[in-house]
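Undergrad: would you be able to build a 3D model of this:
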Amino acid sequence: MSENTDQVTLRKASLKIAARISAACAVLVLILLAAAAIYLFNRPLQPGVRGSSDPDSVYAFLDTKDLLKAMIVAGAVGIVLAGAIGWLSARSAIRPLGDALALQRRFVQDASHELRTPLAILDARVQLAQRGTAPDSATGQALARIRSDTATLTGIVNELLVAATGSPRGAAVEPSDLAAVASAVVDSLQELAGEQGVSVTLTQTSRPLAAIDGSAFRRALLALADNALAHTPRGGRVEITTAALGNRAVVTVADSGPGIKGVDQARIFERFVRTPRPESLRGEGSRGQRSFGIGLALVREIITGAGGTVGVEKSGPRGTVMKISLPLAASGAPRKGTPPTGAASS
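TA: Numbers count the residues shown, from 1 in each chain. As a prediction, the model looks like this:
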């Protein structure tokens with residue numbers, strides 16, 4: 001409903017602006033015609049030409065140079081007036097857009113400020129609960145994961161606030177251990193994967209360090225893994241791999257789903273792309289469409305913002321592989337990988 005209302009509003013605004021420009025151009029043409037008529041009437045008058053049918057007629061004779069001069073002046077005036085009309089029309093056109101952007105910025109700022117306090121309270125309560133719980137117990141581990149998720153959400157809120165206020169981001173970023181982040185992502189997905197009957201594993205061929213904010217990379221990798229998990233049938237698997245190839249840190253997310261069909265693979269990183277959903281993944285209440293939402297669009301923004309790339313390495317009936325490539329941090333070479341690790345949920 002709101003989208004249709006916005007379209008109607010934009011259509012009315014465009015028609016209004018088009019009517020203004022048409023009226024202004026019509027007035028401009030009339031002014032130029034009037035100026036031309038006045039110029040002609042003010043030229044020196046001469047008696048009728050000998051031999052003409054009407055010897056009593058009076059004629060105005062135009063010199064070629066004067067005519068060219070008048071045309072040049074009229075053209076220059078017309079260009080200046082057209083530019084003024086365009087400038088005024090553009091100001092009128094973008095004023096609603098500016099108001100909408102200001103309203104959106106205020107909303108994000110207010111929402112971010114309002115969310116920071118509840119998140120801080122939640123984190124404090126989790127810490128209090130952790131004090132009375134053994135860290136190695138199931139409850140202690142669950143509380144640790146809750147606190148980690150709370151910290152991630154707090155980071156998102158802080159980034160929203162920075163984006164809304166236009167504050168400059170810090171230029172220096174501490175190198176992040178991508179393998180450690182990937183391990184945390186795998187741990188956070190175990191419960192959800194278990195409910196869906198999908199195994200989630202991690203393979204570390206090396207532990208590359210990349211100049212990207214750890215929280216931002218965690219959100220990007222979590223979005224890729226969550227997308228893979230959502231499109232993997234029961235009994236399938238999702239595998240995350242970290243490696244260093246040359247001067248690049250490479251992280252892949254592979255699933256055993258039916259692959260990407262019905263849309264250009266490059267378009268899945270656009271917002272709200274939808275494709276027909278395979279029969280094997282259709283459940284009760286499904287509308288038969290596979291939606292990529294805005295998660296992958298945000299992944300691309302995070303990765304490209306750190307100087308990296310993200311895309312579909314391959315996709316087919318046996319699954320899809322997403323690949324993240326980031327420049328290695330200059331602080332040192334990647335550490336040797338630990339034996340392949342993983343956790344499976346059935």
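
Undergrad: and the helices in the chain?
TA: 2-41, 64-131, 138-165, 178-196, 214-230, 295-305 (DSSP state H).

Undergrad: of those helices, which is nearest residue 318?
TA: helix 214-230 (13.4 Å; C-beta to C-beta). To be clear about C-beta, it is placed using only N, CA and C from the backbone, and glycine gets the same treatment.

Undergrad: gap between the nearest residue to residue 270 once chain neighbours are set aside and residue 227?
TA: Closest residue to residue 270 apart from its sequence neighbours, by C-beta to C-beta, 6 or more residues apart in numbering: residue 297 at 6.2 Å. Distance, residue 297 to residue 227, using C-beta to C-beta, to the nearest Å: 11 Å.

Undergrad: between these two, who's got more neighbours?
TA: More crowded of residue 297 and residue 227, by other C-beta atoms under 10 Å: residue 227, with 24 against 16.

Undergrad: count the neighbours of residue 322 for me.
TA: Neighbour count of residue 322, defined by other C-beta under 10 Å: 26.

Undergrad: OK, contacts around it?
TA: 224, 227-228, 252-254, 310-313 (C-beta atoms under 8 Å, 6 or more residues apart in numbering).

Undergrad: dump those residues to TSV, plus pLDDT and distance to residue 11.
TA: Output for the contacts of residue 322, formatted as TSV (pLDDT from 0 to 100; distance: C-beta to C-beta, whole Å):
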residue	pLDDT	distance to residue 11
224	90	38
227	86	35
228	90	40
252	95	45
253	95	42
254	94	45
310	92	36
311	89	36
312	90	37
313	90	42
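
Undergrad: make CSV out of the residues you listed and add distance to residue 193.
TA: Converted to CSV, these look like this (distance: C-beta to C-beta, whole Å):
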residue, distance to residue 193
224, 14
227, 13
228, 10
252, 17
253, 13
254, 14
310, 22
311, 24
312, 22
313, 22
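
Undergrad: just to revisit the earlier point, among the helices of the chain, which is the most enclosed?
TA: helix 214-230 (a mean of 23; mean count of other C-beta atoms under 10 Å).

Undergrad: mind saving the C-alpha coords of that helix as PDB?
TA: Provided in PDB are the C-alpha atoms of helix 214-230 (Å, rounded to 0.1, in the frame of the first residue of the first chain):
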ATOM      1  CA  GLY A 214      35.800  -8.100  12.700                       C
ATOM      2  CA  SER A 215      32.200  -7.300  13.500                       C
ATOM      3  CA  ALA A 216      31.500  -6.100  10.000                       C
ATOM      4  CA  PHE A 217      33.000  -9.300   8.500                       C
ATOM      5  CA  ARG A 218      31.100 -11.400  10.900                       C
ATOM      6  CA  ARG A 219      27.800  -9.900   9.800                       C
ATOM      7  CA  ALA A 220      28.800 -10.400   6.100                       C
ATOM      8  CA  LEU A 221      29.800 -14.000   6.600                       C
ATOM      9  CA  LEU A 222      26.800 -14.700   8.800                       C
ATOM     10  CA  ALA A 223      24.500 -13.300   6.000                       C
ATOM     11  CA  LEU A 224      26.100 -15.600   3.400                       C
ATOM     12  CA  ALA A 225      26.000 -18.600   5.600                       C
ATOM     13  CA  ASP A 226      22.400 -17.900   6.700                       C
ATOM     14  CA  ASN A 227      21.400 -17.500   3.000                       C
ATOM     15  CA  ALA A 228      23.100 -20.900   2.200                       C
ATOM     16  CA  LEU A 229      21.400 -22.500   5.100                       C
ATOM     17  CA  ALA A 230      18.000 -21.200   4.100                       C
END
